[in-house]
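In: Structure of the sequence below:
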Amino acid sequence: MANHQDETRAAYDGVVELYASLFADRLETQPFARAMISTFAELVRATGNLRAADVGCGPGHLTAMLHELGLDAFGLDLSHGMVDHARRANPALRFQEARMESLPIEDGVLGGVLAHYSMIHTPPDELPELLAEQVRVLAPGGVLLVSFFGTDGPEPVQFDHKVSTHTCWPAAHRFCPAKGASWSACLRTAYSTGAR
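Out: Numbering: from 1, shown residues only. Presented below is the predicted three-dimensional model:
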């Protein structure tokens, strides 16, 4: 895992200001994405546990949006440059360097985890482990929202992203942290009030 993550971190560290400028509008030109994030925040608020992690937070624009939507949001990112920018842009919020496969968060304590296009650089064989780590930190009933690029083909497709290689996932492809489990079983595992 370390090699592709080191490459991804270096790539994002090299484009911090450009990347931040591209997302300065906080999804104002992307109504579907904005609605998806708002719905996520609403679902997290409904759990009664307002703690939410923006995993792969980049420049912190969505962490700030989650905060504005009533969540006790904090951001985590692999890139030192992104975390530094996020702290400067949002001094009242918490940001920390962290790897998605080993979150510095206790088991079962969050109402929500947002991974908005932050897993796109993860090799396909590492994704189940990465998703399991996100589920690990969710409290029973917690909400996980993962956004990714899609493809109409039957298999995942890797191609060069402006920053680093990423994967597009077929619409019919489903992942579950529980090896061999169906997607519906995975959702029951992630969202069941008895899960742990």
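In: Now Gly142, what are its backbone angles?
Out: Note on Gly142: its backbone torsions stand at phi -70, psi 160 [degrees, to the nearest 10].
In: and what of Asn90?
Out: Dihedral pair for Asn90: phi -140, psi 70, per degrees, to the nearest 10.
In: Would you check that it makes contact with Gly58?
Out: No - counting by Cβ atoms under 8 Å, Asn90 stays clear of Gly58, with 11.7 Å between them. From N, CA and C alone the C-beta is placed, and that goes for glycine too.
In: higher neighbour count, those two?
Out: Using other Cβ atoms under 10 Å as the criterion, Asn90 and Gly58 rank with Gly58 on top: 26 against 19.
In: Quick check, that one in contact with Met82.
Out: Yes - Gly58 is in contact with Met82 according to Cβ under 8 Å; the separation is 5.0 Å.
In: low-confidence ranges in this structure?
Out: 1-2, 4-16, 19-20, 23-26, 149-196 (pLDDT under 70).
In: Now do the strands in it.
Out: 51-55, 72-77, 94-97, 110-116, 138-147, 150-151, 157-160, 165-170 (DSSP state E).
In: Next up, phi/psi of the closest residue to Ile105 other than its chain neighbours, please.
Out: Leaving aside its sequence neighbours, Ile105 sits nearest to Val137 (Cβ to Cβ, 6 or more residues apart in numbering; 4.3 Å). The phi and psi values for Val137, taken as degrees, to the nearest 10, are phi -90, psi -10.
In: Tell me where the protein has helices.
Out: Secondary structure of the chain (DSSP state H): helices located at 2-13, 16-22, 31-47, 61-68, 80-89, 127-136, 183-191.
In: ok and the fourth one relative to strand 72-77, angle-wise?
Out: In this case it means helix 61-68. Per axes from the mean of the first three to the mean of the last three Cα atoms, to 10 degrees, the angle that helix 61-68 makes with strand 72-77 is 170 degrees.
In: what inclination does helix 61-68 have with respect to helix 31-47?
Out: Going by the same axes, to 10 degrees, helix 61-68 is angled at 50 degrees with respect to helix 31-47.
In: Return the list of helices and strands in contact with helix 61-68.
Out: Counting contacts by 3 or more Cβ pairs under 8 Å, 6 or more residues apart in numbering; DSSP states H and E, helix 61-68 packs against helix 31-47, strand 51-55, strand 72-77, helix 80-89, strand 110-116.
In: same thing but at 10 Å, please
Out: In terms of contacts (3 or more Cβ pairs under 10 Å, 6 or more residues apart in numbering; DSSP states H and E), helix 61-68 is packed against helix 31-47, strand 51-55, strand 72-77, helix 80-89, strand 94-97, strand 110-116.
In: quick one: buried residues of it?
Out: For helix 61-68, the buried set under the neighbour-count rule, 16 or more other Cβ atoms under 10 Å, comprises 61-67.
In: could I get those as JSON lines with distance to Pro104?
Out: Output for these, formatted as JSON lines (distance: Cβ to Cβ, whole Å):
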{"residue": "His61", "distance to Pro104": "22"}
{"residue": "Leu62", "distance to Pro104": "19"}
{"residue": "Thr63", "distance to Pro104": "16"}
{"residue": "Ala64", "distance to Pro104": "21"}
{"residue": "Met65", "distance to Pro104": "22"}
{"residue": "Leu66", "distance to Pro104": "18"}
{"residue": "His67", "distance to Pro104": "20"}
